[in-house]
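In: any chance you could fold what I've pasted below:
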Amino acid sequence: MRFYLIPLAALAIPLVANPYTQFMVNLMLVYVLVAVGFNLVLGNLGQLAFANTALFGIGAYTGAMLMVHAGWPFWAVIVPAGLAGAAAGFLASVTALRGIRVYYLAIVTLAFGELLRWSYIHGERATGGTDGLAVPRADFFGIALDSETARFYVFLLIVTVLVKLVSNLLRSKVGRAIVAIRDNELATASLAIPTGRYIVLAFSLSGFVVGIAGSLFAVVGGLGSLFGSVLGAVALTALPEFFRRFPGMYEMFFGGLLIVFLLVQPRGLSALAARWFPGLRDRYYRDR
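Out: Just a heads-up that it's a prediction; the model follows:
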């Protein structure tokens, strides 16, 4: 039940936020899903990957193209965008079935991401090329998403459901196998667990979550930690806005912040939260 306290409290945000602040909050919700999806691979699986932006893009383009070219409503494109992201995640990681791991697999994902980026730019007829697509007015089961407030409540619902599903997944047999591969793949394989298949599954699940984030974008914290992903996404979306009044300072602040965290708090914001609120440790934070 404690999981739902933050989403319930967030319901009051439109009452105090102006339209621009509400837009930034909506953007934070999108990036929460991106961070959660990326964390599945980097934090829980322990595998470097550089195709996350491409998976985000394929979700956005899938949603936009279905709305523009096929006339689908927004609610109908969310799952297909996630499935497109999952398919891309599968293709980016399928070499893991042949024993490709760590840095070599990271290079494969980097190349795959660049291939998709090239496809977005040069597929003018479908994607609009560098000009992009003009997405029509969206609706969610009859609710017109013609204001930041309407988008906020729909985004909050989708993000809450997906984060809860990922949280449950990480506590399941599948989630435990993924974390076991991160900790010691050889020991995990000795238990007759097909590690290659679970690596591909983790990438596919990550692609599904990030793909849905991309479909939301079309309309509008610490490794191994679901809670840290949420904190990190919120912080990295809000900080540039704060530093907008101080040109050039954001890069200096962010670079210094990265160094400080790597030196004194390598496990990120989630470790601090788990220290201050012990109840969060077992549910949202996994130590290495």
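In: residue ranges with poor pLDDT in the stretch 1-150 of the chain?
Out: 1 (pLDDT under 70).
In: quick one: residue 157 from residue 151, how far?
Out: Between residue 157 and residue 151 the computed distance is 11 Å (Cβ to Cβ, to the nearest Å). In this view, the C-beta of every residue, glycine as well, is placed from N, C-alpha and C.
In: between these two, which one's more packed in?
Out: Counted by other Cβ atoms under 10 Å, residue 157 and residue 151 do not tie: residue 151 has more neighbours, with 24 against 13.
In: wouldn't residue 169 be in contact with residue 205 here?
Out: Yes - between residue 169 and residue 205 there is a contact at 7.2 Å, judged by Cβ atoms under 8 Å.
In: the two: which is more packed in?
Out: Between residue 169 and residue 205, residue 205 has the larger neighbour count (other Cβ under 10 Å), namely 26 against 17.
In: identify the residues contacting the residue lying closest to that one once chain neighbours are set aside.
Out: Residue nearest to residue 205 in three dimensions, not counting chain neighbours: residue 40, with 5.8 Å by Cβ to Cβ, 6 or more residues apart in numbering. By Cβ atoms under 8 Å, 6 or more residues apart in numbering, residue 40 lies in contact with 166, 178, 202, 205, 206, 209.
In: please produce TSV containing those residues, extended by secondary structure.
Out: As requested, these are exported to TSV (DSSP: H, G, I helix; E, B strand; the rest coil):
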residue	secondary structure
166	helix
178	helix
202	helix
205	helix
206	helix
209	helix
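In: taking those residues, tell me the two that lie furthest apart.
Out: Farthest pair in the contacts of residue 40 (Cβ to Cβ) is 178 and 209. Separation: 13.7 Å.
In: who does the helix or strand containing residue 23 touch, helix- and strand-wise?
Out: Using DSSP states H and E, residue 23 sits in helix 19-39. Applying 3 or more Cβ pairs under 8 Å, 6 or more residues apart in numbering; DSSP states H and E, we find helix 19-39 packed against helix 13-16, helix 52-69, helix 148-170, helix 195-219, helix 226-242.
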